[in-house]
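Student: Need coordinates for the below:
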Amino acid sequence: VTHSLTTMGITVFAGAITTLGAGIFMLLCQLTFFTKMAALITSTIVFAVLYSLFFFMSLLALVGPTGTCGDLHHLYRLVMHRCCQSRGAKASGAGSSMAAPTSPAGVAQDAST
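Tutor: Numbering: from 1, shown residues only. Model (predicted):
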C-alpha cells in the first residue's frame, strides 16, 4: 500500500488538482451549462480522490494482497512453467506420433534425406 501511494498516489492527486482547477474556473462562468458542468466535474473528482486514496487504500491495507498474491510476474512464471511442462510431457510421453519415419523396408530414414 505504501509503495502504491508513493508511486501512483502522487500522480492521481496531481491529476485531481489540475482537474479541480479547471472546474473552479468554470464555476465562475455566467452560462448555466458551464456552472453545472463544473459542479459535476468537481464533485466527481472529489469523490474519486476520497474513494481511491482513502477508502480503497485502507481497504487494501486490511484485506489486500500479501506475498505473491496479485503479482503478475509470479502468475506469468507459473503459467509458463505449467505450459512448458505439459509440452515437454507431450513431446517425450507417447512417442508414437514422434517416431522417426521409416522406409517401406522398415529401416529408419535419416532426417536430412
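
Student: quick one: pLDDT of the residue nearest the centre of the chain?
Tutor: In the chain, the residue lying closest to the centroid (Cα atoms, centre = their mean) is Leu72, at 7.4 Å. Note for Leu72: predicted pLDDT of 78.

Student: need the helices for the protein, in chain order.
Tutor: All helices of the chain, identified by DSSP state H, fall at 2-4, 10-27, 32-49, 56-63, 72-92.

Student: hey, least reliable of the ones you listed by pLDDT?
Tutor: Here the helices of the chain differ in mean pLDDT, and the lowest is helix 72-92 at a mean of 76.

Student: And Gln30, how close does it get to Leu40?
Tutor: 17 Å (Cβ to Cβ, to the nearest Å). All C-beta atoms are positioned from the backbone trio N, CA, C, and that covers glycine.

Student: Let me fix that, I meant to ask about Thr19.
Tutor: In terms of Cβ to Cβ, Thr19 sits 12 Å off from Leu40.

Student: higher neighbour count, these two?
Tutor: A count of neighbours by other Cβ atoms under 10 Å puts Thr19 above the other of Thr19 and Leu40, at 17 against 12.

Student: The closest residue to the more buried one other than its chain neighbours: how many residues sit nearby?
Tutor: Nearest residue to Thr19, sequence neighbours excluded (Cβ to Cβ, 6 or more residues apart in numbering): Ile45, at 5.0 Å. Residues lying near Ile45 (other Cβ under 10 Å) number 18.
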